[in-house]
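A.B. asks: fold the following and give me the result.
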Amino acid sequence: TGDFYGNFNNKREIFDTIIEEIYQAIKTIMDRATEELIAELKSSPSGQLTSRMVRATVDKIFRAAMDYTDLFHILRREGLGNDPDFNRQFNRVWESFVQATRLALEAYIDAGLAKPYDTDMVARAVVPMSISMMLYVHATDKSKTDDAVDAISAMLDGGIMKLTRLKEKKNARRGAKSAR
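C.D. replies: Purely as a prediction, here's the structure:
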(Lines give C-alpha, C1' and ligand atoms only; values in the text may rest on other atoms or scores of the structure.)
Protein backbone atom coordinates (compact mmCIF):
# COMPACT_ATOMS: atom_id res chain seq x y z
CA THR A 1 0.00 0.00 0.00
CA GLY A 2 2.95 2.33 0.44
CA ASP A 3 3.51 2.23 -3.32
CA PHE A 4 -0.07 3.36 -3.85
CA TYR A 5 0.19 6.33 -1.48
CA GLY A 6 3.57 7.26 -2.95
CA ASN A 7 1.80 8.25 -6.17
CA PHE A 8 -0.06 11.08 -4.39
CA ASN A 9 1.06 14.11 -2.38
CA ASN A 10 -1.85 13.91 0.05
CA LYS A 11 -5.24 12.38 0.76
CA ARG A 12 -6.99 15.14 -1.16
CA GLU A 13 -5.17 14.16 -4.37
CA ILE A 14 -6.41 10.60 -3.89
CA PHE A 15 -10.00 11.83 -3.54
CA ASP A 16 -9.69 14.11 -6.58
CA THR A 17 -8.35 11.20 -8.63
CA ILE A 18 -11.17 8.91 -7.49
CA ILE A 19 -13.80 11.53 -8.31
CA GLU A 20 -12.36 12.16 -11.76
CA GLU A 21 -12.12 8.43 -12.55
CA ILE A 22 -15.73 7.81 -11.53
CA TYR A 23 -17.00 10.82 -13.43
CA GLN A 24 -15.18 10.04 -16.68
CA ALA A 25 -16.20 6.38 -16.65
CA ILE A 26 -19.88 7.01 -15.93
CA LYS A 27 -20.12 9.92 -18.36
CA THR A 28 -18.68 7.71 -21.12
CA ILE A 29 -21.20 4.99 -20.28
CA MET A 30 -24.09 7.49 -20.24
CA ASP A 31 -23.06 9.01 -23.56
CA ARG A 32 -22.80 5.60 -25.20
CA ALA A 33 -26.11 4.39 -23.76
CA THR A 34 -27.85 7.58 -24.92
CA GLU A 35 -26.46 7.23 -28.44
CA GLU A 36 -27.57 3.59 -28.56
CA LEU A 37 -31.06 4.47 -27.32
CA ILE A 38 -31.49 7.24 -29.88
CA ALA A 39 -30.24 5.00 -32.68
CA GLU A 40 -32.68 2.26 -31.60
CA LEU A 41 -35.55 4.74 -31.47
CA LYS A 42 -34.76 6.15 -34.89
CA SER A 43 -34.67 2.66 -36.40
CA SER A 44 -37.81 1.54 -34.58
CA PRO A 45 -40.93 1.37 -36.76
CA SER A 46 -43.00 3.26 -34.18
CA GLY A 47 -40.24 5.64 -33.08
CA GLN A 48 -41.77 5.47 -29.63
CA LEU A 49 -39.85 5.04 -26.41
CA THR A 50 -40.89 1.88 -24.63
CA SER A 51 -40.48 0.90 -21.02
CA ARG A 52 -38.17 -1.89 -22.21
CA MET A 53 -35.89 0.68 -23.88
CA VAL A 54 -35.79 2.88 -20.78
CA ARG A 55 -35.04 -0.12 -18.59
CA ALA A 56 -32.26 -1.38 -20.88
CA THR A 57 -30.60 2.05 -20.86
CA VAL A 58 -30.88 2.46 -17.08
CA ASP A 59 -29.62 -1.11 -16.61
CA LYS A 60 -26.46 -0.44 -18.66
CA ILE A 61 -25.65 2.72 -16.75
CA PHE A 62 -26.55 1.32 -13.31
CA ARG A 63 -24.59 -1.92 -13.68
CA ALA A 64 -21.53 -0.13 -15.02
CA ALA A 65 -21.69 2.41 -12.20
CA MET A 66 -21.93 -0.44 -9.68
CA ASP A 67 -18.31 -1.20 -10.54
CA TYR A 68 -17.41 2.05 -8.78
CA THR A 69 -19.42 1.68 -5.57
CA ASP A 70 -16.34 0.85 -3.49
CA LEU A 71 -14.86 4.17 -4.60
CA PHE A 72 -18.14 5.95 -3.81
CA HIS A 73 -18.04 4.43 -0.32
CA ILE A 74 -14.47 5.63 0.22
CA LEU A 75 -15.47 9.13 -0.80
CA ARG A 76 -18.56 9.10 1.39
CA ARG A 77 -16.73 7.70 4.41
CA GLU A 78 -13.47 9.59 4.21
CA GLY A 79 -14.09 12.79 2.33
CA LEU A 80 -17.61 14.16 2.45
CA GLY A 81 -18.25 16.45 5.37
CA ASN A 82 -14.63 16.33 6.53
CA ASP A 83 -13.07 18.83 4.14
CA PRO A 84 -14.84 21.92 2.74
CA ASP A 85 -12.56 22.01 -0.33
CA PHE A 86 -13.31 18.36 -1.02
CA ASN A 87 -17.04 19.05 -0.64
CA ARG A 88 -16.81 21.82 -3.24
CA GLN A 89 -14.97 19.50 -5.64
CA PHE A 90 -17.50 16.72 -5.03
CA ASN A 91 -20.37 19.18 -5.64
CA ARG A 92 -18.79 20.20 -8.95
CA VAL A 93 -18.65 16.56 -10.02
CA TRP A 94 -22.20 15.98 -8.75
CA GLU A 95 -23.32 18.91 -10.87
CA SER A 96 -21.44 17.39 -13.82
CA PHE A 97 -23.45 14.16 -13.40
CA VAL A 98 -26.65 16.19 -13.37
CA GLN A 99 -25.60 18.08 -16.49
CA ALA A 100 -24.55 14.88 -18.29
CA THR A 101 -27.95 13.38 -17.47
CA ARG A 102 -29.72 16.56 -18.59
CA LEU A 103 -27.81 16.52 -21.88
CA ALA A 104 -28.73 12.87 -22.44
CA LEU A 105 -32.40 13.71 -21.88
CA GLU A 106 -32.13 16.73 -24.19
CA ALA A 107 -30.50 14.61 -26.90
CA TYR A 108 -33.60 12.44 -26.81
CA ILE A 109 -35.81 15.52 -27.23
CA ASP A 110 -33.54 17.06 -29.89
CA ALA A 111 -33.79 13.84 -31.88
CA GLY A 112 -37.52 14.56 -32.11
CA LEU A 113 -38.40 11.58 -29.98
CA ALA A 114 -40.18 13.44 -27.17
CA LYS A 115 -41.89 16.71 -26.43
CA PRO A 116 -39.81 19.21 -24.45
CA TYR A 117 -39.94 18.97 -20.66
CA ASP A 118 -37.85 20.23 -17.74
CA THR A 119 -34.79 18.03 -18.25
CA ASP A 120 -32.84 19.82 -15.52
CA MET A 121 -35.45 19.00 -12.89
CA VAL A 122 -35.66 15.37 -14.01
CA ALA A 123 -31.84 15.06 -13.96
CA ARG A 124 -31.70 16.56 -10.45
CA ALA A 125 -34.16 13.90 -9.28
CA VAL A 126 -32.62 10.95 -11.13
CA VAL A 127 -28.95 11.45 -10.22
CA PRO A 128 -29.23 11.36 -6.40
CA MET A 129 -31.86 8.63 -6.54
CA SER A 130 -29.66 6.47 -8.78
CA ILE A 131 -26.51 6.96 -6.72
CA SER A 132 -28.40 6.26 -3.48
CA MET A 133 -29.95 3.10 -4.92
CA MET A 134 -26.57 1.96 -6.20
CA LEU A 135 -24.92 2.44 -2.80
CA TYR A 136 -27.85 0.77 -1.03
CA VAL A 137 -27.84 -2.28 -3.30
CA HIS A 138 -24.07 -2.61 -3.10
CA ALA A 139 -24.05 -2.37 0.69
CA THR A 140 -27.02 -4.61 1.38
CA ASP A 141 -27.87 -7.15 -1.28
CA LYS A 142 -26.49 -7.14 -4.82
CA SER A 143 -29.24 -9.56 -5.86
CA LYS A 144 -31.59 -6.54 -5.65
CA THR A 145 -29.89 -4.86 -8.61
CA ASP A 146 -32.75 -5.76 -10.96
CA ASP A 147 -35.28 -4.37 -8.47
CA ALA A 148 -33.33 -1.11 -8.24
CA VAL A 149 -33.08 -0.82 -12.03
CA ASP A 150 -36.83 -1.53 -12.31
CA ALA A 151 -37.63 1.18 -9.74
CA ILE A 152 -35.43 3.83 -11.38
CA SER A 153 -36.67 2.92 -14.87
CA ALA A 154 -40.33 3.04 -13.85
CA MET A 155 -39.91 6.41 -12.15
CA LEU A 156 -37.97 7.85 -15.06
CA ASP A 157 -40.28 6.42 -17.74
CA GLY A 158 -43.50 7.30 -15.98
CA GLY A 159 -42.15 10.54 -14.58
CA ILE A 160 -41.15 11.94 -17.95
CA MET A 161 -44.52 11.08 -19.46
CA LYS A 162 -46.36 12.58 -16.50
CA LEU A 163 -44.14 15.68 -16.48
CA THR A 164 -44.84 16.20 -20.20
CA ARG A 165 -48.60 15.90 -19.63
CA LEU A 166 -48.46 18.31 -16.66
CA LYS A 167 -46.51 20.85 -18.72
CA GLU A 168 -49.05 20.57 -21.55
CA LYS A 169 -51.92 21.15 -19.11
CA LYS A 170 -50.14 24.10 -17.51
CA ASN A 171 -49.45 25.65 -20.92
CA ALA A 172 -53.08 25.11 -21.95
CA ARG A 173 -54.28 26.86 -18.77
CA ARG A 174 -51.90 29.75 -19.43
CA GLY A 175 -53.17 29.99 -23.00
CA ALA A 176 -56.78 30.00 -21.80
CA LYS A 177 -56.03 32.74 -19.25
CA SER A 178 -54.25 34.94 -21.79
CA ALA A 179 -57.13 34.48 -24.27
CA ARG A 180 -59.56 35.97 -21.75
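A.B. asks: now do Ala111 against Leu41, distance only.
C.D. replies: 7 Å (Cβ to Cβ, to the nearest Å). Where C-beta positions appear, they are placed from N, C-alpha and C, glycine not excepted.
A.B. asks: cool, and Val149?
C.D. replies: 19 Å.
A.B. asks: repeat that for Asp31.
C.D. replies: For Asp31, the distance to Leu41 - Cβ to Cβ - is 16 Å.
A.B. asks: report the central residue of the chain.
C.D. replies: Residue closest to the mean C-alpha point of the chain, counted by Cα atoms, centre = their mean, is Val127 at 4.1 Å.
A.B. asks: that residue: what's it in contact with?
C.D. replies: Taking Cβ atoms under 8 Å, 6 or more residues apart in numbering as the contact definition, Val127 lies against Trp94, Phe97, Val98, Thr101.
A.B. asks: roughly how far apart are it and Met121?
C.D. replies: When distances are taken as Cβ to Cβ, Val127 and Met121 turn out to be 11 Å apart.
A.B. asks: my guess is Asp150 meets Arg55, correct?
C.D. replies: Yes - taking contacts as Cβ atoms under 8 Å, Asp150 lies within contact range of Arg55: 6.9 Å.
A.B. asks: the two: who's more crowded?
C.D. replies: Using other Cβ atoms under 10 Å, the more surrounded residue of Asp150 and Arg55 is Arg55, with 19 against 15.
A.B. asks: and the residue nearest to the more buried one when sequence neighbours are not counted, what helix or strand is that in?
C.D. replies: Of all residues beyond its chain neighbours, the one nearest Arg55 is Ser153 (4.1 Å), with distances taken as Cβ to Cβ, 6 or more residues apart in numbering. Per DSSP states H and E: Ser153 is located in helix 145-179.
A.B. asks: cool, and Ile109?
C.D. replies: With DSSP H and E as the criterion, Ile109 is inside helix 84-110.
A.B. asks: how about Ser46?
C.D. replies: Here Ser46 sits in a region with no helix or strand, counting by DSSP H and E.
A.B. asks: just the buried positions in the helix holding Ile109, please.
C.D. replies: Across helix 84-110, burial judged by 16 or more other Cβ atoms under 10 Å covers 86, 89-90, 93-94, 96-98, 100-108.
A.B. asks: same deal with stretch 131-139?
C.D. replies: Of the residues in stretch 131-139, Ile131, Met133, Met134, Val137, His138 count as buried by neighbour count, 16+ other Cβ under 10 Å.
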